[in-house]
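Participant: Okay, predicted coordinates and the sequence, questions at the end:
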Amino acid sequence: MNNYTPIIGLEIHVELATKSKMFCGCDANYFGGKPNTHTCPVCLGLPGALPVPNKKAIEWCIRIGLALNCEIPLHSKFDRKNYFYPDLPKGYQISQYDKPFAVNGRLVIKPFARGPLTKTVRIRRVHMEEDTGKLIHATVDGEKCTLIDFNRSGVPLVEIVTEPDIRTSEEARDFLKKLHQIIRYLGVSDADMEKGSMRLEPNISIRRKSEKEKERKGEENLPKYKVEVKNINSFNFAKKAIDYEISRHIELLDSGETPKQETRGWDEKKNITYSQRSKEEAHDYRYFPEPDIPPIVLSEKEKKRIRETIPELPDARTERFIKDYGLSEYDASILIDDKDTSEYFEKSIQQITNNKQQITPKVIANWIINKKADKSTVSPEELIKLITAKQQKPQMDATDLDLIIKKVIEANPKAVGNYKSGKEGAIMYLIGQVMRKTKGKANASQVRNLLTNLLK
Amino acid sequence: MADINANLSIPDVKKIAVLANIPLTDEEARKLAGELTQTLHFIEKIKKIDTKDIKPTSHVTGLSNVYRDDQISPSLTQKEALSQAKSTYKGYFKVPAVLKD
Amino acid sequence: MDLSELTVTETIKGLYQKKFSSVDITRSLFEKIKPLDKKIKAFVTIDSENALKKAEEADEKRKKGDARPFLGVPFTLKDNICTQGLRTTASAKVLENYIPQYDATISKKLKDAGVVILGKTNMDAWAHGSSTETSDFFTTLNPWDLEKLPGGSSGGSAATVAADLTIGSIGTETAGSIRQPASWCGVVGLKPTYGRVSRYGIISMGSSLDSPGPMTKTVEDAALTLPVIAGKDPQDATTSSIKLDDYLVNLKKGVKNLKVGISEEYQKIAEPIVREAVEKALKTIEKLGAIIVPVKLLDPTYSISVYTILQRAEVSANLARYDGIRYGEGREKFGEEAKRRIMLGTYALSAGYYDALYGKAQQIRTLIVEDFKKVFQKIDCIIAPTTPCVALPLGSSKTSPMFGEVQDVLVEPSTIAGLPGITLRCGFVGELPIGIQIIGPQFSEALILKVAYAYEQNTDWHKRKPNII
């Protein structure tokens, strides 16, 4: 591994949560629907049907581009990408080729778990396209066949492509998590990976480290091959697939071979990737400008309007939580991890200002982080009531408590010995004894603190 | 700029046929090689026109930013959607097995 | 009175004045269709039962005070215009049994206007051609001479109008498919500005070029019919929201002081007899007060190459959906012409050749657009022959893989630029009509209709009928 540097890029497809499909008025929420009940002449590719683009989907695509610090070019257009597959009803996919909605962005990842270092991943492009139908492989009357449901056909799909800036599978996972978080914050997709509304495609190659090699940017420095792993539906699988590919490539390179440029699939049961022979033949997509859709011109005014629809994003919210509520970076990052949780936290904070209670944001943060209350059943108002009730518990006189603790220590030499010899669980027994003696009046965590101090 | 390859061979024609998903017999491929070559020779004429710095036109209407609002309109019923298909099964279109992806 | 000979104008008037009913006309048309279509073979599908039912309904409604002008007026539709529940084949084997689940926007508009659809007319398969000889079913014959071609691709529509098998018809043009058969069959063919009439539900050929339009017995009929099918369509993003003119009011305003351009580049392509007829027509128009201005236009023969590349490329993608899964037959059922076009288009778009072919053609398209723009700063419209020659004998299209493109050379530049054009009779060679076309700037339908009307009303060409009827 040390002799090689992995070169990793990512392609991510995100299905937008618009009401209707990309080019027709069919309900885009196809999940769980009966097959072929969300189709019309347009998304079924009937003779003569024409596409008309969904305004909201385009705005949301640009919103994603802006959130990823992309430039939004003045001129964009749709193109036809020609290929044949039974799930593609028109025989071409309406996509964007040389003039996507967003280009040249970047996303900074700050993996807290791995120290203060940040990493910038450049975003090559963000473009708009349409999803395909769904194939189901089945056996009917003893014969193998493929069944097709076109409910998903034409659902708006945004493709995000990074530059090959990623060097480890951890970075890839961190990037994907961060991207997922941003998409959720933007409110443009449920980004539910199990449902397939966010699909991951890492591309991997590895480069031999030369003696003087520095991280030089530029094409000439990239390996001559690239392996793409298709349609992965979890961050961990993406990480595993990358790791698997890295070791596979090293093995090949060490034995003097060059890995083949190809598309591979991920087998989540065996935790391996496998060659997809069917897709190996070189594609020639014959892109050309979509004659059915006039070009798109985005004025500065329009871009500004879309920019204004972007809500506070995770990084900004983390900083604000630290600054405004005095939270630690760690607590803040956990709270903002999920958009709903961070909003729940803020609503709870509002409750205290309303009630003028002496509860600090830190306490609320702890309650939420330690999941002392379930946010799906406890409203922010109820949460504050719970915390208040807990805090109003009569406190024991400190000297009395001290005395009781010392007595418990004297009476339980065995447990004390166990604790001191490293069996940390023994402290629970001691805490229990103290709580019993105080008839539950003491605060358990306070007792724990006092005990550990005395047993040092 | 790649030049127009105005003389298509039978293997060239077969390669294009794969891209175009058109099944061809050898006889058809041979005939097409001749016909397509004839047409390519004819259209080669455009080489004579200087188009340096000329922008391409893909739309003559002058229209831009034509959208629809994100509103749901009724879909076909499943029965209507499937009505013209040769082979269906339990609400699905059915085709011979294609390779799993 | 033979009701089948009625024009749209006369039909509307007569129905309004209760001189006859829609059922009367429809019956008399079918009485004529029955024997004559066996000879001409203009229809792919004749929908007599339903048409008569619709005619009865129209008469009922009219009795109850429904005053929609087109209520009960019979029309034929080219068979590439989707009609819900009525077989639509584009004269292609692949779609031989296709019954559309929806109406094209113009089908819906015609139905909403109360038009009675008599049936669907034959065409070159997928609109690929200028003869109807590439129809996967049969060739339509020219009503003026059954040994001649009707032109195409809207040859069936043109023949139904010429032979009085309908009151009016709707065709479609990509480059010449309305004007060329209209010229060869001696009817009025209006190819509107690209984007004036919705393409939604019309089986796509060259998406950046396709324009549906009326094919009628008179210029006034075309002016009456255009607004029924034209206008912004929310389902076709390339339709324009520019308001429709009042074509009828403009029609009779005359041509006084209009500057009419004539181009030697076009004239010299036509056979001498056609050229003479057009020059004579120009004299008539000049006498009516127009000013004839010689202009220089780009050599139209370049347009053959440009059009061929653009159209083949778009065809290769537009025919990709026909895979036999959701409807129709599989791709092995494509006819020879469709295969040739798909193959050439695929090649023109493929890696390595795009720039030299498709890219280059799109650049020349810019030059053609600009050429017309420049000329239209000096003149109001252009007059030219519609086709280089009159109707050719059956079998003529089989000699060249580019028969259509060569026949359509005089309409290709204007269609590439998305301009409107109208063709009408300006003479005869023996029994065969000669066509003259008037081309105007984008959205100048009112103007070209006015010029066509002035010429038509001051000549007698339109009064002649084919011997067969």
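Facilitator: On my side now, so go ahead. Keep in mind the model is a prediction, meaning the values are calculated, not measured.
Participant: Report how many residues lie close to residue C:175.
Facilitator: For residue C:175, the tally of surrounding residues (other C-beta atoms under 10 Å in any protein chain shown) stands at 30. Heads up, the C-betas are built off the backbone N, CA and C, glycines and all.
Participant: What's the nearest residue in chain C when you look at chain A?
Facilitator: At 2.3 Å from chain A, residue C:320 is the closest residue in chain C, using C-beta to the nearest C-beta.
Participant: quick one: that residue from residue A:238, how far?
Facilitator: Shown here: residue C:320 relative to residue A:238, a distance of 33 Å by C-beta to C-beta, to the nearest Å.
Participant: Residue A:4 now?
Facilitator: Note on residue A:4: its distance to residue A:238, by C-beta to C-beta, is 20 Å.
Participant: So which of the two has more stuff around it?
Facilitator: Each of residue A:4 and residue A:238 has its neighbours counted (other C-beta under 10 Å); residue A:238 has more, 25 against 17.
Participant: For my notes, confirm that one occurs in a strand.
Facilitator: No - counting by DSSP: H, G, I helix; E, B strand; the rest coil, one finds residue A:238 to be helix, located in no strand.
Participant: does the longest helix along chain B come close to chain C?
Facilitator: Across chain B, the helix with the greatest residue count (assigned by DSSP state H) is helix B:26-43. Yes - Helix B:26-43 lies within reach of chain C by C-beta under 8 Å from any C-beta of the partner chain, at B:28, B:32, B:35, B:36, B:38, B:39, B:40, B:42, B:43.
Participant: after that helix, next one along is what?
Facilitator: Remark: after helix B:26-43, the chain's next helix or strand is helix B:78-82, criterion DSSP states H and E.
Participant: How much space separates the residue of chain B found nearest chain A from residue A:30?
Facilitator: Of all residues in chain B, the one sitting closest to chain A is residue B:73 (3.0 Å; C-beta to the nearest C-beta). For residue B:73, the distance to residue A:30 equals 15 Å [C-beta to C-beta].
Participant: higher neighbour count, these two?
Facilitator: The neighbour comparison of residue B:73 against residue A:30 (other C-beta under 10 Å) goes to residue A:30, with 24 against 12.
Participant: Is the more buried one within a helix or a strand, and which one?
Facilitator: In this structure, residue A:30 is located outside every helix and strand according to DSSP H and E.
Participant: Wait, it touches residue A:43, no?
Facilitator: No - between residue A:30 and residue A:43 there is no contact under C-beta atoms under 8 Å: 10.2 Å.
Participant: what's the neighbour count on residue A:15?
Facilitator: For residue A:15, using other C-beta under 10 Å, the count is 24.
Participant: beta partners of it?
Facilitator: residue A:157 (DSSP bridges).
Participant: For chain B, see how far away residue A:83 is.
Facilitator: From residue A:83 across to chain B, the span is 9 Å (C-beta to the nearest C-beta, to the nearest Å).
Participant: if you skip the residues just before and after it, what's nearest to that residue?
Facilitator: The shortest distance from residue A:83 to any non-neighbouring residue, by C-beta to C-beta, 6 or more residues apart in numbering or on different chains, is to residue A:285 (6.0 Å).
Participant: Quickly find the element holding that neighbour.
Facilitator: For residue A:285, there is no host helix or strand (DSSP H and E).
Participant: hang on, it packs against residue A:84?
Facilitator: No - in this structure, residue A:285 is not within contact of residue A:84 by C-beta under 8 Å, at 11.1 Å.
Participant: which one of the two has more residues nearby?
Facilitator: residue A:285 (18 against 14).
Participant: Compute the distance between the more buried one and residue C:448, please.
Facilitator: The value you get for residue A:285 to residue C:448, if C-beta to C-beta is used, is 41 Å.
Participant: ok, now residue C:408?
Facilitator: Distance, residue C:408 to residue C:448, by C-beta to C-beta: 18 Å.
Participant: State the pLDDT value of the closest residue to the residue of chain C closest to chain A other than its chain neighbours.
Facilitator: In space, and not counting its chain neighbours, residue C:320 is closest to residue A:91: 2.3 Å by C-beta to C-beta, 6+ apart. Per-residue pLDDT puts residue A:91 at 97.
Participant: next one: residue B:101
Facilitator: Confidence score, pLDDT, at residue B:101: 45.
Participant: Then residue A:297?
Facilitator: You'll see residue A:297 listed with a pLDDT of 98.
Participant: which non-adjacent residue is nearest it?
Facilitator: Nearest residue to residue A:297 in three dimensions, chain neighbours excluded: residue B:64, at 4.8 Å (C-beta to C-beta, 6+ apart).
Participant: Please tell me how far that neighbour sits from chain C.
Facilitator: For residue B:64, the distance to chain C (C-beta to the nearest C-beta) stands at 10 Å.
Participant: Would you agree residue C:202 is in contact with residue C:212?
Facilitator: Yes - under the criterion of C-beta under 8 Å, residue C:202 makes contact with residue C:212 at 5.9 Å.
Participant: intersection of neighbour lists for these two?
Facilitator: Residues touching both residue C:202 and residue C:212 (C-beta atoms under 8 Å, 6 or more residues apart in numbering or on different chains): C:81, C:106, C:172.
Participant: which among these are in contact with chain A?
Facilitator: residue C:81.
Participant: what helices or strands is the host helix or strand of residue A:9 leaning on?
Facilitator: Residue A:9 belongs to strand A:4-15 when assigned by DSSP H and E. In terms of contacts (3 or more C-beta pairs under 8 Å, 6 or more residues apart in numbering or on different chains; DSSP states H and E), strand A:4-15 is packed against strand A:156-162, helix A:169-186, strand A:198-208, helix A:235-254.
Participant: pLDDT (mean, whole number) over that strand?
Facilitator: Mean pLDDT, computed over strand A:4-15, is 96.
Participant: can you check stretch C:120-130 too?
Facilitator: Computed over stretch C:120-130, the average pLDDT equals 97.
Participant: again with stretch A:99-107
Facilitator: On average, stretch A:99-107 scores 98.
Participant: quick one: it near chain C?
Facilitator: No - applying C-beta under 8 Å from any C-beta, one finds stretch A:99-107 separated from chain C by no less than 14.4 Å.
Participant: That stretch: which residues count as buried?
Facilitator: A:99, A:100, A:101, A:102, A:103, A:105, A:107 (16 or more other C-beta atoms under 10 Å in any protein chain shown).
Participant: and the residue of the stretch 351-456 of chain A at minimum distance from chain C, what does it touch?
Facilitator: Distances between the stretch 351-456 of chain A and chain C by C-beta to the nearest C-beta are smallest at residue A:376, namely 41.9 Å. With C-beta under 8 Å, 6+ apart as the criterion, no residue contacts residue A:376.
Participant: do you know how far it is from chain B?
Facilitator: Note on residue A:376: its distance to chain B, by C-beta to the nearest C-beta, is 29 Å.
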